[in-house]
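# Pasted the sequence and its predicted model underneath.
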Amino acid sequence: MSNGVLALLGSGETGPGMTKVHRGLLAHLDSPRAVNLNTPFGFQENVPQMTEKLLTYFSTSLQLDVTPLDLRSYEDSSVEQRQYFKDAIRRSNYVFAGPGSPSYALRQWLPMNLGDDLTSVLAQGGVVCFSSAAALTLGHYTAPVYEIYKSGTQLEWLAGLNLMATVGLDCVVLPHYNNAEGRDYDTSRCYIGERRLRLLEEMLPPGVGVLGVDEHTAAVIDLAGGTLTVRGKGQAHWRLNGQVSDFANASVIALNDLGAQARVLEAVDELAAPSSSVVDESELLALREAQEKLADALNAIRADARAKGHYGIADEIRDALNASGIVVRDGAIAPQ
């Protein structure tokens with residue numbers, strides 16, 4: 001059983017420059033069975049048009065028939081629809097998802113354990129190709145870029161699908177890394193800007209890095225070879241512990257040079273639904289309410305400890321919560 005390829009596209013998924021990248025990815029497959037996930041832009045009014053644009057690109061530029069998989073809303077879909085969506089992904093060997101909203105996509109995908117289905121595709125030697133908003137969801141944590149950039153939401157991290165764990169990297173993924181649309185203000189680092197990214201990095205648990213991918217650029221990770229190859233117009237960037245490494249086009253980087261823990265994925269029955277693949281809505285709501293109550297209680301205890309100068313106790317609470325996947329900031333706890 002071979003391991004597959006994970007491709008992270010910074011942007012331009014249907015542009016001429018990415019066609020060569022897609023061809024290279026498809027070359028790993030004897031008989032492509034491709035699917036497109038519309039979830040990241042499922043909240044938009046132009047879902048049919050967006051889907052048609054993507055399908056036309058693959059058909060025209062790559063002579064590839066892609067099956068559209070429709071799951072726009074977790075709450076508005078039935079159990080049967082969700083299971084069909086998951087099974088169709090596991091039957092495929094080329095999974096593509098692209099533009100939209102990362103936070104919206106996560107609200108639909110996390111309750112479904114979509115990360116397990118994508119891992120299954122990789123374990124079977126397939127390709128997972130996520131671009132732009134979809135790429136953001138694949139890290140341990142995800143930046144809610146639209147909320148920060150457009151709505152002024154406080155800086156925070158959301159829990160991600162953490163597919164990067166399959167390549168041994170504990171990191172977040174940041175496409176649109178070199179964006180310059182702002183011209184006279186900083187829209188780089190996926191519209192967050194360098195200053196705010198540094199503040200966000202301070203909120204990450206120790207050892208969690210940032211993998212940045214420039215626009216019209218791909219970071220292609222070969223699980224079997226244990227390498228990351230940069231393709232396209234720009235660069236890839238690795239940030240950890242205040243250090244930044246930049247990798248030019250055509251660079252080939254060993255994943256263990258980035259601190260990855262080598263692993264081989266276990267063979268997975270492509271039609272077997274993972275445990276807890278579908279969570280009942282009432283159970284999910286109860287779990288979220290319990291997490292919020294726990295976060296509020298611990299926030300109060302931690303604030304009291306800090307006010308009394310018991311910083312050691314406060315830090316122990318913070319470290320325990322970070323280890324359990326809850327990002328803690330001074331004065332606030334963000335349940336995931």
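Structure received.
# all strands for the stretch 201-336 of the chain, in order.
For the stretch 201-336 of the chain, strands defined by DSSP state E, counting those that start in this stretch occupy the ranges 209-213, 217-222, 227-232, 236-240, 243-247, 252-254, 327-329, 332-334.
# helices and strands around the third one, which ones?
To tie it back to what came earlier, the one meant is strand 227-232. helix 16-26, strand 217-222, strand 252-254 (3 or more C-beta pairs under 8 Å, 6 or more residues apart in numbering; DSSP states H and E). For every residue, glycine as well, the C-beta is placed using N, CA and C.
# Let's have those in JSON lines, adding mean neighbour count and mean pLDDT.
As requested, those are exported to JSON lines (neighbours: other C-beta atoms under 10 Å; pLDDT from 0 to 100):
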{"stretch": "helix 16-26", "mean neighbour count": "17", "mean pLDDT": "96"}
{"stretch": "strand 217-222", "mean neighbour count": "26", "mean pLDDT": "98"}
{"stretch": "strand 252-254", "mean neighbour count": "14", "mean pLDDT": "97"}
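# Quick one: residues contacting residue 122.
Residue 122 sits next to 3-6, 128, 166, 223, 265 when contact means C-beta atoms under 8 Å, 6 or more residues apart in numbering.
# For the residue nearest to residue 210 when sequence neighbours are not counted, give the beta-bridge partners.
Distances taken as C-beta to C-beta, 6 or more residues apart in numbering place residue 239 nearest to residue 210, at 4.1 Å, with adjacent residues excluded. When assigned by DSSP bridges, residue 239 has beta-bridge partners residue 210, residue 244.
# mind listing what residue 239 touches?
Neighbour list for residue 239: 201, 209-212, 245 [criterion: C-beta under 8 Å, 6+ apart].
# Likewise for residue 191?
If you count contacts by C-beta under 8 Å, 6+ apart, residue 191 has them with 145, 148-149, 176, 179, 181.
# Now with 6 Å, please.
Each residue near residue 191 by C-beta atoms under 6 Å, 6 or more residues apart in numbering is listed here: 145, 149.
# gap between it and residue 210?
15 Å (C-beta to C-beta, to the nearest Å).
# what does residue 188 give?
Relative to residue 210, residue 188 is positioned 13 Å away (C-beta to C-beta).
# what does residue 236 give?
Counting by C-beta to C-beta, the gap from residue 236 to residue 210 is 11 Å.
# neighbour-wise, which of those two wins?
residue 236 (27 against 22; other C-beta atoms under 10 Å).
# Quick check, the more buried one in contact with residue 219.
Yes. Using C-beta atoms under 6 Å, residue 236 is in contact with residue 219, at 4.6 Å.
# Touching both of those two, which residues are there?
Joint contacts of residue 236 and residue 219 (C-beta under 6 Å, 6+ apart) are residue 213.
# residues contacting the closest residue to residue 126 other than its chain neighbours?
Nearest residue to residue 126, sequence neighbours excluded (C-beta to C-beta, 6+ apart): residue 93, at 3.6 Å. Residues near residue 93 by C-beta under 6 Å, 6+ apart: 29, 33, 126.
# make it 7 Å
Shown in contact with residue 93 (C-beta atoms under 7 Å, 6 or more residues apart in numbering): 29, 32-33, 121, 124, 126-127.
# Sort out which one of the residues you listed lies nearest residue 141 for me.
The closest of those to residue 141 turns out to be residue 121 (C-beta to C-beta; 22.3 Å).
# Report the secondary structure element holding the closest one.
Element membership for residue 121 (DSSP states H and E) is helix 114-123.
# swap in residue 105?
Going by DSSP H and E, residue 105 is part of helix 102-109.
# Run the chain-centre distance for that helix.
10 Å (C-alpha atoms, centre = their mean, to the nearest Å).
# Mind giving me the packing neighbours of it?
Contact partners of helix 102-109 among helices and strands, from 3 or more C-beta pairs under 7 Å, 6 or more residues apart in numbering; DSSP states H and E: helix 132-136, helix 145-151.
# quick one, domains of the protein?
Here the domain parsing of the chain from automatic domain parsing is 5-279, 282-334.
# Among those domains, show me which one is buried the most.
domain 5-279 (a mean of 19; mean count of other C-beta atoms under 10 Å).
# Pretty sure residue 219 sits against residue 8.
Yes. Taking C-beta atoms under 7 Å as the definition, residue 219 is a contact partner of residue 8 at 4.5 Å.
# Overlap of the contact sets of these two?
Common neighbours of residue 219 and residue 8, counting by C-beta under 7 Å, 6+ apart, are residue 213.
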